[in-house]
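Chemist: Dropping a prediction and its sequence here:
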Amino acid sequence: MRNSEYYAAVYWIIENKKGEILLMKRKNTGFMDDKYGLPAGHLEWYESLKQWLIREIKEEICIEVIEEDLEMVHISHRISNWERVYFDFYFKVKKYTWVIANWEPDKCSEVKFLDFQNSEIIPYLKNVFNKIRAGEGFSEIYINSKK
């Protein structure tokens with residue numbers, strides 16, 4: 001029996017007044033390139049979830065956020081057939097100071113607001129968005145394709 005690799009990822013959800021979600025178009029990552037995904041990052045051993053999110057959001061899109069303005073809205077257990085298991089934490093950003101900037105142009109070709117059902121969004125994220133809108137706090141996601 002093989003051992004899986006376990007990862008944790010944090011995602012932040014920023015909505016505009018139209019209900020569109022801020023997304024980044026992935027490139028050069030080897031995972032869902034040319035699809036729009038949420039800004040996200042991997043947990044460092046020394047960080048709390050909120051500290052981690054605040055650091056990542058500043059690094060990727062230059063937005064300032066404080067802990068009090070974050071609300072955890074969903075957790076998912078994501079399983080894939082390439083032996084990675086993810087525990088994903090989704091936070092809604094209620095308030096922020098910002099001038100959106102793409103600070104990771106090597107991994108992202110564009111940052112923009114899109115409707116959460118847009119066909120260019122990573123497919124499993126659409127499922128997560130639907131669950132969040134329905135008030136569900138947990139999901140299990142199975143991905144059956146290599147990166």
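Modeler: Received, thanks.
Chemist: Next secondary structure element downstream of the top helix by length along the chain?
Modeler: Identified as the longest helix of the chain according to DSSP state H is helix 49-61. Next helix or strand after helix 49-61 toward the C-terminus (DSSP states H and E): strand 63-64.
Chemist: got the angle for the next helix or strand after that next one vs helix 49-61?
Modeler: Next in sequence after strand 63-64, counting helices and strands by DSSP H and E, comes strand 70-80. On the basis of axes from the mean of the first three to the mean of the last three CA atoms, to 10 degrees, strand 70-80 is oriented at 80 degrees to helix 49-61.
Chemist: Would you mark the buried spots in strand 70-80?
Modeler: Judged by neighbour count (16 or more other CB atoms under 10 Å), strand 70-80 contains these buried residues: 70, 73-74, 76, 78, 80. Every C-beta, even on glycine, is put in place using the N, C-alpha and C of the backbone.
Chemist: Give the other helices and strands that the helix or strand bottoming out on mean pLDDT in the chain contacts.
Modeler: Ranked by mean pLDDT, DSSP states H and E, the helix or strand of the chain with the weakest confidence is strand 97-98, at a mean of 73. With contacts taken as 3 or more CB pairs under 8 Å, 6 or more residues apart in numbering; DSSP states H and E, strand 97-98 sits against strand 63-64.
Chemist: Direction included, what does the strand it packs on pair against?
Modeler: Sheet pairing of strand 63-64 (DSSP bridges) gives strand 97-98 (antiparallel).
Chemist: ok, and what's touching the strand it pairs with?
Modeler: With contacts defined as CB atoms under 8 Å, 6 or more residues apart in numbering, strand 97-98 is touched by 61-65.
Chemist: Phe31 is in contact with Tyr7, correct?
Modeler: No. Using CB atoms under 8 Å, Tyr7 is not in contact with Phe31; the gap is 11.8 Å.
Chemist: In PyMOL, how would I select the buried members of the contacts of strand 97-98?
Modeler: Here is the PyMOL command that selects the buried residues among the contacts of strand 97-98 (16+ other CB under 10 Å):
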select buried, resi 61+63+65
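Chemist: Let me know the closest of the contacts of strand 97-98 to Gln51.
Modeler: Val65 (10.9 Å; CB to CB).
Chemist: residues touching that closest one, list them.
Modeler: Neighbouring residues of Val65 by CB under 8 Å, 6+ apart: 12, 53-54, 57-58, 93, 95-97.
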